[in-house]
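Visitor: What follows is a protein structure lacking sequence information:
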């Protein structure tokens, strides 16, 4: 069945129209809920219909926009629509009228941006939806208005801006040598551009801010840890993938081999895979831990992209593997977040608690790649598609993926360990127990996550029941559990605690350094000399800059009034005399 | 009709203006009628003119001035762009000014000069040669001076004095340059691709000097550094006047003059062969960055907006100075886009001042709750200034950036990106404060307008201009968008 691509424009359009109508007219909570649910529907329907969509050009918008949906987009869209639907259900308490319409409207704008970015088929539409999503999400992140949330929002905004600027520069650099703006022409223009490497660098970094590339990952732990649950769900399950999707659409994958960039991307991916785990292990807060796990899992996708950059012929297969991996990760991760929140709100005296524990354990195992899980399949597909095997620092990619499974298992063990007190009544007494019996969205996520495996094999030609496969995916997990067990026991014996790293790691290091410098300065003799000044060196530098700028104010005030026009006047008179004199001659 | 229309266009604001001078303060209804009738008739005439030009008509009016020189009005493509912009914005500004100045003294004087000011702007736009341009340009100076000084406070008088000194000296430089140019070239008529390329190479040094004088003259109104000093001071004037200064007339006339000089006096190719455009581009770039940095440290809302204007107007100049067809499109279209966005911002600033007594950014916490529509318009315009798609500012920025690269001037990209970041740094905190911070319990000086957030006459204009700045960006690729018009103008200059 071939369907006109104009239907695709409904995806961003309906949430946009809903948001705008909510801005104009007062609406009850039910109406808002209805509009939000309706907004996710076209995406769900389109993603589930077994149809092909023609690519269309809507030439009046911006500088001429294109919309299209190909196979891998379809999987992204399915995941995104589903996660947004679940998040909408969880948002009902945030749609209350006391908050006015702010949250709902921003929620819908973000949704429109997210959906639009998936169906966009040209750089400007993609950039627009990307920006719409990123900017609107700010208001959602800081919804709780706690100091931590505000700080996270501020840092998020700085990184969003950096990302936008880098992405826009990359788009401009490539677009200057092509007339049309669709993705195909963009990639072709990129390949022949004299700034090719610069463009790729800007793309990798600009979009890497969304996917949590090492060094640019700070916003993930900060925002996941502080945002309200529905927002965390869409961040972790849907929005994080837009950065990845951007890479898939914009990088010249499957076209030519770029060995240098391949190595860089693979190194970044591997780095993310393991540092995400290490830093995740050092968290005390489960939501933050899961954010670091996202960084680590996105590293796997980055690694696969890096692989395909050097081997263009493998791209169609790798792309499919990445798409399935993304669906697997999105579902498992959101199930964990939703489960965590649900469990935190229970009193747990009931027999339900064993079921709840299982509900947390299963997605954790899925993420680690346990047998019969979507994780096993996704990783297997990646291993199969990344062929011929590449040796990287003495290790093959298969080895690295296996090592990552062990690492993920460790991280998930830590997750379970941290979540454990939630199930005992002697847990955190300050815990807010609301006895929220709103279970079924979580159940839906769990079911989706656990059954994904049954929908994939047809496409992947993999025998899920083969014993060797079970063993292959089971031993890294057993290994990880073993290490975790030993670690916990020996930590008890030797009274050893895992050092804690606050969320946002290196960012904090910078802040700590600044504080440390401040302390040194305070304790030093110099202190007496500069008591009148701020003790914090950064503030001091800032103040110097401000002072310099205030001096500008003075200068402007002094010379702006008369000096400059007076100079011009003198110039005028001199010229006049000069001209008159020349005329005489 | 083809001679009459340009004259009628001038008369549609000149005659109401002259009549208004002689009205009593109490004749409110008559004054409003005259004002609105003038603005609407002008807009209708402009649309008629656009329709005519689109169908191949040519509109010209010529009066002999001096032997060999004539007062010439001609509706060419570039003129139409500016005329449409100023007459649309004049209509909304008139509505706004009527609402804003309710009950304030000396309204007849104000609206009289207000109309003169727009007459001069239309004259500037339609001028077909440099001498006509200069005439209306000076008229503009003289008719805006009373508007800036209108409130009569000490600060206003000082600001107006500074303004007058700057612009008169600028005007004198222009006059000198014009006369000199006439003695060298023998003509002053604007021609696409310029009329100087064929001149004897021995005059080239003189042409460079004249160019510097012309840029210095126009640069005063266009607020290029270091000639920008008057603009932040002039923001003491009432909000409608600021709108006029920053978006409709004054600053625009300066930038428009520079575009005319580059495109239709020197010609881009010739100017760039004289090596004049690179220094100008650098100067514009420096202005863009300097204006943004200064804006960052202002707490007074209108002052911050004023510095933002200094920065944004130089986009127009930068676009012309890059010397490439695509960048020129970006510059020319920004003439319109900047006008739409900046007038919205000033309207909103005026609303905050009139309704709640807010003048400082530090007083704006939570104001989005109290005045959601005003702040929605402000948000759209501010995001447009940053260059967020699909707003108008993004389209300008895109063409400037891509055009600069196409003309092998990659450095411009970094200026644009730096400016985007700085714009974000001084606009986003305002938006954050307005929407996400808790509102203060009392506003500095609150006035109530029933269940509305403010008076209709104050609210409608920014909403309309905000929608325009959204639509010009979102529908940039449709037939009658400013962008398509700018593409047409640029093609005139650059087609082989």
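Guide: Perfect, thanks for sending it. Since the model is a prediction, treat every value here as computed from it, not as a measurement. Numbers count the residues shown, from 1 in each chain, chains lettered A, B, ... in the order given.

Visitor: And the helices in the stretch 101-250 of chain B, which stretches?
Guide: B:107-126, B:130-148, B:154-185, B:204-222, B:230-234, B:239-243, B:250-260 (DSSP state H, counting those that start in this stretch).

Visitor: nearest spatial neighbour of residue A:109, skipping sequence neighbours?
Guide: residue A:136 (3.8 Å; Cβ to Cβ, 6 or more residues apart in numbering or on different chains). Using the backbone N, CA and C atoms, a C-beta is placed for each residue, glycine as well.

Visitor: Please compute how far the one helix or strand that neighbour maps to lies from its chain's middle.
Guide: Applying DSSP states H and E as the criterion places residue A:136 in helix A:123-141. Distance of helix A:123-141 from its chain centroid, counting by Cα atoms, centre = their mean, to the nearest Å, is 12 Å.

Visitor: so who does residue A:197 touch?
Guide: Going by Cβ atoms under 8 Å, 6 or more residues apart in numbering or on different chains, residue A:197 touches A:260, A:261.

Visitor: ok, whichever residue of the stretch 51-200 of chain A sits closest to chain B - contacts?
Guide: Residue nearest to chain B within the stretch 51-200 of chain A (Cβ to the nearest Cβ): residue A:176, separated by 3.5 Å. Neighbour list for residue A:176: B:326, B:401, B:402, B:403, B:405, B:406 [criterion: Cβ under 8 Å, 6+ apart].

Visitor: Model confidence score at it, please.
Guide: Here the pLDDT value assigned to residue A:176 is 81.

Visitor: Not counting residues beside it along the chain, what's closest to it?
Guide: Residue A:176 sits nearest to residue B:405 (Cβ to Cβ, 6+ apart), 3.5 Å away.

Visitor: So what's the residue count around that neighbour?
Guide: Residue B:405 sits with 25 neighbouring residues when counted by other Cβ atoms under 10 Å in any protein chain shown.

Visitor: Which elements pack onto the host helix or strand of residue B:431?
Guide: Using DSSP H and E, residue B:431 sits within helix B:411-436. Counting contacts by 3 or more Cβ pairs under 8 Å, 6 or more residues apart in numbering or on different chains; DSSP states H and E, helix B:411-436 is packed against helix A:147-175, helix B:277-296, helix B:301-321, helix B:367-370, helix B:372-386, helix B:392-406.

Visitor: Let me have those in JSON lines, extended by distance to residue B:492.
Guide: What follows is these, written out as JSON lines (distance: least, Cβ to Cβ, whole Å):
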{"stretch": "helix A:147-175", "distance to residue B:492": "24"}
{"stretch": "helix B:277-296", "distance to residue B:492": "18"}
{"stretch": "helix B:301-321", "distance to residue B:492": "14"}
{"stretch": "helix B:367-370", "distance to residue B:492": "44"}
{"stretch": "helix B:372-386", "distance to residue B:492": "27"}
{"stretch": "helix B:392-406", "distance to residue B:492": "16"}
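
Visitor: Can you check which of those gets nearest to residue A:5?
Guide: With Cβ to Cβ as the criterion, residue A:5 lies closest to helix A:147-175 of the helices and strands packed on helix B:411-436, at 22.3 Å.

Visitor: any idea which of the contacts of residue A:176 is closest to residue A:394?
Guide: Of all the contacts of residue A:176, residue A:394 sits closest to residue B:405, with 42.7 Å by Cβ to Cβ.

Visitor: I'd like to know how far the closest residue to chain A within the stretch 101-250 of chain B sits from residue A:563.
Guide: Proximity of the stretch 101-250 of chain B to chain A (Cβ to the nearest Cβ) peaks at residue B:229, 2.6 Å away. Going from residue B:229 to residue A:563 by Cβ to Cβ, to the nearest Å gives 9 Å.

Visitor: and the two? which has more neighbours close in?
Guide: Remark: of residue B:229 and residue A:563, residue B:229 carries more neighbours, 27 against 13, as counted by other Cβ under 10 Å.

Visitor: pLDDT-wise, which helix or strand of chain B ranks last?
Guide: Across the helices and strands of chain B, mean pLDDT, DSSP states H and E gives its lowest value to strand B:60-66, namely a mean of 82.

Visitor: Report the buried residues of it.
Guide: By 16 or more other Cβ atoms under 10 Å in any protein chain shown, the buried positions in strand B:60-66 come out as residue B:61.

Visitor: low-scoring stretches of the chain, by residue?
Guide: Let's take chain A. Low-confidence segments of chain A, defined by pLDDT under 70: A:96-101, A:347-351, A:423-437, A:457-461, A:503-506, A:508-540, A:542, A:558-562, A:579-580, A:582-585.

Visitor: ah, I was thinking of chain B
Guide: B:1.

Visitor: residue closest to the middle of it?
Guide: residue B:252 (3.0 Å; Cα atoms, centre = their mean).

Visitor: Look up how far residue B:308 lies from that one.
Guide: Per Cβ to Cβ, residue B:252 is found 15 Å from residue B:308.

Visitor: Need the nearest residue in space to residue A:568, chain neighbours excluded.
Guide: residue B:169 (4.6 Å).

Visitor: so who does the one you found touch?
Guide: Residue B:169 touches A:565, A:566, A:568, A:569, A:572, B:220, counting by Cβ under 8 Å, 6+ apart.

Visitor: Report how many residues lie close to the last one.
Guide: Residues within reach of residue B:220, counting by other Cβ under 10 Å, total 30.

Visitor: do you know how far it is from residue B:171?
Guide: With Cβ to Cβ as the criterion, residue B:220 and residue B:171 are 8 Å apart.

Visitor: With the fourth one instead?
Guide: Residue A:569 sits 11 Å away from residue B:171, going by Cβ to Cβ.

Visitor: Just to check, residue A:445 is in contact with residue A:330?
Guide: No - contact status for residue A:445 versus residue A:330: not in contact, 9.7 Å apart, counting by Cβ atoms under 8 Å.

Visitor: number of nearby residues for residue 34?
Guide: Using chain A here. 13.

Visitor: that's the wrong chain, I wanted chain B
Guide: 19.

Visitor: element containing it, please.
Guide: For residue B:34, the element it lies in under DSSP H and E is helix B:28-54.

Visitor: which other helices and strands contact that helix?
Guide: helix B:4-21, helix B:77-100, helix B:107-126.

Visitor: which ones are touching the closest residue to residue B:251 other than its chain neighbours?
Guide: Excluding the flanking residues, the one nearest residue B:251 by Cβ to Cβ, 6+ apart is residue B:313, at 5.3 Å. Applying Cβ under 8 Å, 6+ apart to residue B:313 gives the contacts B:222, B:223, B:251, B:252, B:254, B:255, B:338.

Visitor: Out of those, flag the one nearest to residue A:335.
Guide: Nearest to residue A:335 among these: residue B:338, at 49.2 Å, using Cβ to Cβ.

Visitor: Do I have it right that that closest one meets residue B:318?
Guide: No - in this structure residue B:338 lies outside contact range of residue B:318 using Cβ under 8 Å: 11.9 Å.

Visitor: Apart from its neighbours in sequence, what residue is nearest the residue of the stretch 201-350 of chain A found nearest chain B?
Guide: Closest residue of the stretch 201-350 of chain A to chain B, Cβ to the nearest Cβ: residue A:202 (10.2 Å). Excluding its sequence neighbours, the residue lying closest to residue A:202 (Cβ to Cβ, 6+ apart) is residue A:170, at 3.7 Å.

Visitor: Can you give me every residue that contacts the one you found?
Guide: Applying Cβ under 8 Å, 6+ apart to residue A:170 gives the contacts A:198, A:199, A:200, A:202, A:203, A:206, A:250.

Visitor: Try it again at 6 Å.
Guide: Taking Cβ atoms under 6 Å, 6 or more residues apart in numbering or on different chains, we find residue A:170 in contact with A:199, A:202, A:203.

Visitor: same question, residue A:189
Guide: A:174, A:177, A:178.

Visitor: gap between the two ends of stretch B:192-208?
Guide: Using Cα to Cα, to the nearest Å, the end-to-end distance of stretch B:192-208 comes to 19 Å.

Visitor: got the buried residues for that stretch?
Guide: B:192, B:193, B:194, B:195, B:196, B:199, B:206, B:207.
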